[in-house]
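Q: Give me the fold of what follows.
(chains A and B)
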Amino acid sequence: MTENDSRILILSHGHPDMDKGGAEVAAYNMFKQLLCRDADVYFMARSGLVPHGGTAFSTHHSEREILFHTTMDDRFIFSNIKTRHLWQEFRDLLTLLKPKVVHLHHYFLFGLEVLEEIRKAFPNVKVVLTLHEYLGICHNKGLMVKTNGRLCYRASPRDCHSCFPEKQPGDFFLREQYIKRMFANVDTFVAPSKFLKERYVEWGISPTLIKVIENGQEHVSLSNHSEKSGEVCRLAFFGQINPYKGIDTLLNALTQLPKSVRKKIDVEIHGANLEKQPGVFQEKVQSLVSKLGKAVKLFGPYDSRELPALLSQVDWVVVPSTWWENSPMVIQEAFSSKVPLIVSDIGGMAEKVEDGKTGLHFRAGNSMDLARVIEKVVKDSSLRGKLSENIKPPMSIEQCVDEHVALYFA
Amino acid sequence: MLSLLGLSLCRLNVDMICQHGEQLILLGWFASKSTHSEIAVVNSGQSFGSVRGIFKFSRDDVKSRFSLSSDEQCFGFLLVVDEPCKPEDIKFKAGILTFPLCKQVYTCTSNLDEMIAHAGDDTEKAQAFLTNGGFDVDASGATIVRQPHRKLDKDLDRIKQRLDSFELHTQGYLQTCKETVLPEVHKIWKARVERKNNYSVKRFGQCSNPILSVIVPLYGRYDFMQHQIAHFSHDEAMRGVELIYVLDDPQLTHELNVASKGVFETFKLPFTVIFSSLNLGYAGANNLGVEVAQADHILLLNSDIIPTRSGWITDYLEQFKTLPDCGILGATLLYEDSTVQHVGMELYEDESFPGIWVNHHPCKGVPFSLLKLTGGCSEVQMTTGAAMLLKKSLFNELGGFERMYVLGDFEDSDLCLKAINAGKKIYVSHDVVLYHLERLSQNMLESGGWKYKLTIMNAVYQESRWRPLIERITA
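A: Here you go, the predicted structure:
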């Protein structure tokens, strides 16, 4: 491809070298794949690092990887207009880059007005925005979970005010209108799950504007799955350890298992950031873990490159999230290694894992029901093999980029 | 600079405070050439057990100003005070020196992000500090934005005192109000209204030969401007419109200046901001805006109004020009849940206050679609000041808004009565539908405080100006 003819700019709210979220990794994987294809592509990641001399930008690895040192001034409406970062520095850089396609993997931390800047600078540029959670709809970290912990099915100014009494219903209305006004600059939205698309359609985005494309997965050469040693069933949890990931549901379920069953399981918890959680939650997790003794091991953080090896030692992956999720990376990663999953029966988890086919569902947040499912897989040792056979390889990064390129230049 | 007792320099400065319920967040700096490099916070001599620790950051500017050498002797600080306390009771201690907060000159802010922006380079650390202090400003996007704590100024304090001794629900309260309360309160208020106001006009972009001037007073919540302009800028019809914001809240001058620049650069819709040096109230702010307005037609609009569709402004003006004897054309206003906030206003004689008419909004809270107001408009007794379209010449002929309604109330109905008195008609458009976001509040009539008495007093004033006309139009 010739320069400037089809230049693509990918924006991510973090660089995976510093921020390891699923969205950041997905964005960066696409960038690397496009580079491999010799595409004229730039990657811009928002960064919280301190830049040299107070500049807005710096580079990382190469000149095609730009860090944007900025942050929002209004975290309620994701606004960033009080500094000149967007309306001067970013605008100037954009004018030099002259992209034909701008694909944003988020507006968070950049500031929503980044969409206005792109559209104003280049009225004909193709603007693609991937939606990674429900942040536009929900002020509670985009989880669509009420502040009392209950699942939220639909946002409304009045209900949101009940979650956040310090904000008026009118403020939530303004927030929604402002976000929608900025979203009007987007040509196409990408949703990694049908569920997420539906939520945004209910919120008011036209269904014709949202295309569902799963996040691509790195190819994994299937190392031989190590057969279980004797009768032990190995379960594993991967991900952040926070209240919404349902680790307490899992641990509670384990305490409810009959001793005879508990003796036959081995649970590995691979996850980071327990120390950053509220004290009450940390204590709860620690006390459950110590109560469970040998059955549970806490391993701490892992790198996604280690996953295939870790997964080869595991019979089932458990995703017990108590929020809807979108398309959790761990599901696709487990699929890459043909490991079936036990997941909450809601949202993106229920969509990606078919009950009785590629995994098993349990009632979200209900430890008794999870205990029932765990007992089932321990007692029926043939289930794992059967479900594993049904798992098809997930979408590769190559296929994912193919679909996006078709979208970029449609 | 050397201080008392032979000690070398020791300075403490508080730049900003934010009060949140019973917690106080303070931002400032400390500089000392002596060894007393630690500061403590005390409350009337008692040390606080619950200062959550101090977040320190470097203040190179202070350091160089006082030629200091290391961070130990000079730092910026952010701290959260947890115990019930009043700002005036707080003192800082450094060694033997005391720095009372009441001697400091600081800005009150409602926005923690603004504080964080001044808390050194590592804003994320500052944020984490506040998060641990129980303030939800983490990456989830939660921010506490609170109205600044306002003290009543001297005039209002006097008015409040006068009203506190005024008994409602007594025989002859009306007479007392007319003969003593109203004249006494008006005396205080009149002096205030006549005080000389210095204002400055700042134009962001140019708008020549506008077809309409829109005048929007801002008080407290200046973020409404960003919302309005975001929506207005998306509407081609707004291009020929002069947009004038009147800041009626001098303490927000700096914040609004910064926000205005950002809003203009982002949305590129020209607008004007009038920075008033006095708090003028709704009537005064609008009157000032009209003085600056260039167009023949003016639209007086509240800041918490946003449009429901594009092109509304064109339809609004067209309709105004076709209506017979139209003095003022209001708009249909809806809450965010599409229930009615305003489709016209009526005078209503209150049962609990015989002889007093208050402004009543018929159909308030009713789902809009039930009203089946298809097209056109209705002639009404009066319309709200939240959206009023009229000719500038008429506004000036009528002398603008009456300013003797204390703290704003009834000046919109008063303007309608003046227009009717001049032979004009008042209409409310049903083609022009706008969102108007009111705060959640209990029914006004349930409260009995001095503000409530003020409303009654203002109603009495309206009645004293317009009794014959009111009796005619309510007959």
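
Q: Could you report the pLDDT at residue 278?
A: If you meant another chain, say so; for now it's chain A. Note for A:Pro278: predicted pLDDT of 77.

Q: let's do chain B instead
A: 88.

Q: Could you do B:Pro183 as well?
A: For B:Pro183, pLDDT reads 95.

Q: Report the secondary structure state of it.
A: Assigned by DSSP: H, G, I helix; E, B strand; the rest coil, the conformation of B:Pro183 is helix.

Q: I'd like to know how far it sits from chain A.
A: Using C-beta to the nearest C-beta, to the nearest Å, we find B:Pro183 at a distance of 38 Å from chain A. No exception for glycine: its C-beta is placed from N, CA and C like everyone else's.

Q: ok, that residue - how many residues close by?
A: 10 (other C-beta atoms under 10 Å in any protein chain shown).

Q: Spit out the contact partners of the residue in the stretch 101-250 of chain A that chain B sits nearest to.
A: Distances between the stretch 101-250 of chain A and chain B by C-beta to the nearest C-beta are smallest at A:Gly170, namely 3.0 Å. By C-beta atoms under 8 Å, 6 or more residues apart in numbering or on different chains, A:Gly170 lies in contact with A:Pro157, B:Asp304, B:Tyr335, B:Glu336, B:Leu437, B:Glu438, B:Arg439.

Q: Of these, which pair is most distant in space?
A: A:Pro157 and B:Asp304 (13.2 Å; C-beta to C-beta).

Q: Measure how buried residue 259 is and give me the count.
A: Let's take chain A. Neighbour count for A:Lys259, taken as other C-beta under 10 Å: 6.

Q: let's do chain B instead
A: The burial count for B:Ala259: 21, using other C-beta under 10 Å.

Q: So it belongs to a helix, correct?
A: Yes - B:Ala259: assigned to a helix according to three-state DSSP.

Q: Touching, it and A:Asn80? I think so.
A: No - counting by C-beta atoms under 8 Å, B:Ala259 does not reach A:Asn80; the two are 11.9 Å apart.

Q: which residues of the stretch 1-150 of chain B fall in helices?
A: Assigned by DSSP state H, counting those that start in this stretch, the helices in the stretch 1-150 of chain B fall at B:60-65, B:112-117, B:123-132.

Q: most tightly surrounded among these?
A: helix B:112-117 (a mean of 22; mean count of other C-beta atoms under 10 Å in any protein chain shown).

Q: Can I get it in CSV? Just the C-alpha atoms.
A: Taking C-alpha atoms only, helix B:112-117 is exported to CSV below (Å, rounded to 0.1, in the frame of the first residue of the first chain):
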residue,chain,number,x,y,z
LEU,B,112,-12.2,17.3,42.5
ASP,B,113,-10.7,16.9,39.1
GLU,B,114,-9.8,20.5,39.1
MET,B,115,-8.0,20.0,42.4
ILE,B,116,-6.2,17.0,41.0
ALA,B,117,-5.1,19.1,38.1
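
Q: helices or strands next to it in the packing?
A: Contact here means 3 or more C-beta pairs under 8 Å, 6 or more residues apart in numbering or on different chains; DSSP states H and E; on that basis helix B:112-117 packs against strand B:10-20, strand B:23-32, helix B:123-132.

Q: now the ones you listed as CSV including distance to A:Cys400 and mean pLDDT?
A: As requested, the helices and strands packed on helix B:112-117 are exported to CSV (distance: least, C-beta to C-beta, whole Å; pLDDT from 0 to 100):
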stretch, distance to A:Cys400, mean pLDDT
strand B:10-20, 45, 82
strand B:23-32, 45, 84
helix B:123-132, 31, 75
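
Q: okay, the ones you listed in JSON lines with distance to chain A next?
A: Formatted as JSON lines, those follow (distance: least, C-beta to the nearest C-beta, whole Å):
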{"stretch": "strand B:10-20", "distance to chain A": "9"}
{"stretch": "strand B:23-32", "distance to chain A": "13"}
{"stretch": "helix B:123-132", "distance to chain A": "5"}
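
Q: Output these in CSV, with distance to A:Val101 appended to each entry.
A: Formatted as CSV, the helices and strands packed on helix B:112-117 follow (distance: least, C-beta to C-beta, whole Å):
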stretch, distance to A:Val101
strand B:10-20, 43
strand B:23-32, 43
helix B:123-132, 31
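
Q: Which of the ones you listed sits closest to B:Gln381?
A: strand B:10-20 (42.3 Å).

Q: Just give me the neighbour total for the residue in the stretch 201-350 of chain A positioned nearest to chain B.
A: Residue of the stretch 201-350 of chain A nearest chain B, by C-beta to the nearest C-beta: A:Lys276 (9.2 Å). As a burial measure, A:Lys276 scores 13 neighbours (other C-beta under 10 Å).

Q: which SS state does the closest residue to A:Trp87 other than its chain neighbours fall under?
A: Among residues not flanking A:Trp87 along the chain, B:Glu265 sits closest, at 3.7 Å (C-beta to C-beta, 6 or more residues apart in numbering or on different chains). With three-state DSSP as the basis, B:Glu265 sits in helix.

Q: Any idea how many residues pack against B:Glu265?
A: By other C-beta under 10 Å, the residues close to B:Glu265 number 18.

Q: Repeat that for A:Tyr28.
A: 20.

Q: Kindly confirm my reading that it is in a strand.
A: No - judged by three-state DSSP, A:Tyr28 forms no part of a strand; its state is helix.

Q: Can you tell me how far the nearest residue to it once chain neighbours are set aside is from A:Asp266?
A: Of all residues not flanking A:Tyr28 in the chain, A:Pro16 sits nearest, at 4.7 Å (C-beta to C-beta, 6+ apart). A:Pro16 is 31 Å from A:Asp266, where distance means C-beta to C-beta, to the nearest Å.

Q: What of A:Ile8?
A: 45 Å.

Q: Please give the element, helix or strand, for the residue nearest to A:Pro258 when sequence neighbours are not counted.
A: Nearest residue to A:Pro258, sequence neighbours excluded (C-beta to C-beta, 6+ apart): A:Glu375, at 7.5 Å. Assigned by DSSP states H and E, A:Glu375 belongs to helix A:367-379.

Q: Show the contacting residues for the one residue sitting closest to the centre of chain B.
A: Among the residues of chain B, B:Tyr219 comes closest to the average C-alpha position under C-alpha atoms, centre = their mean, at 2.0 Å. By C-beta under 8 Å, 6+ apart, the contact set of B:Tyr219 is B:Asp248, B:Asp249, B:Asn279, B:Ala285, B:Ser303.

Q: of all those residues, which two lie farthest apart?
A: Largest separation among those by C-beta to C-beta: B:Asn279 and B:Ser303, giving 15.1 Å.

Q: Tell me which residue in the stretch 301-450 of chain B sits closest to chain A.
A: Closest point on the stretch 301-450 of chain B to chain A, by C-beta to the nearest C-beta, is B:Leu437, at 3.0 Å.

Q: That should have said the stretch 151-300 of chain B, apologies.
A: For the stretch 151-300 of chain B, C-beta to the nearest C-beta, closest residue to chain A: B:Gly262, 3.2 Å.

Q: OK, contacts around that residue?
A: A:Ile81, A:Lys82, A:Thr83, A:Trp87 are the contacts of B:Gly262 under C-beta under 8 Å, 6+ apart.

Q: Just give me the neighbour total for the third one.
A: Looking back up the chat, that one is A:Thr83. 18.

Q: so it sits right up against A:Asp73, yeah?
A: Yes - assessed by C-beta under 8 Å, A:Thr83 is found in contact with A:Asp73 at 7.0 Å.

Q: buried sites along stretch B:65-80?
A: Neighbour-count burial for stretch B:65-80 flags B:Leu68, B:Gln73, B:Cys74, B:Phe75, B:Gly76, B:Phe77, B:Leu78, B:Leu79, B:Val80 (criterion: 16 or more other C-beta atoms under 10 Å in any protein chain shown).

Q: is it true that the second one touches B:Ile39?
A: Spelled out, that is B:Gln73. No - using C-beta under 8 Å, B:Gln73 makes no contact with B:Ile39, being 11.6 Å away.

Q: picking up where we left off before, name the helix or strand for the residue nearest to the residue of the stretch 301-450 of chain B closest to chain A when sequence neighbours are not counted, please.
A: In this structure, B:Leu437 finds its nearest non-sequential neighbour in A:Gly170, 3.0 Å apart by C-beta to C-beta, 6+ apart. Assigned by DSSP H and E, A:Gly170 belongs to helix A:169-183.
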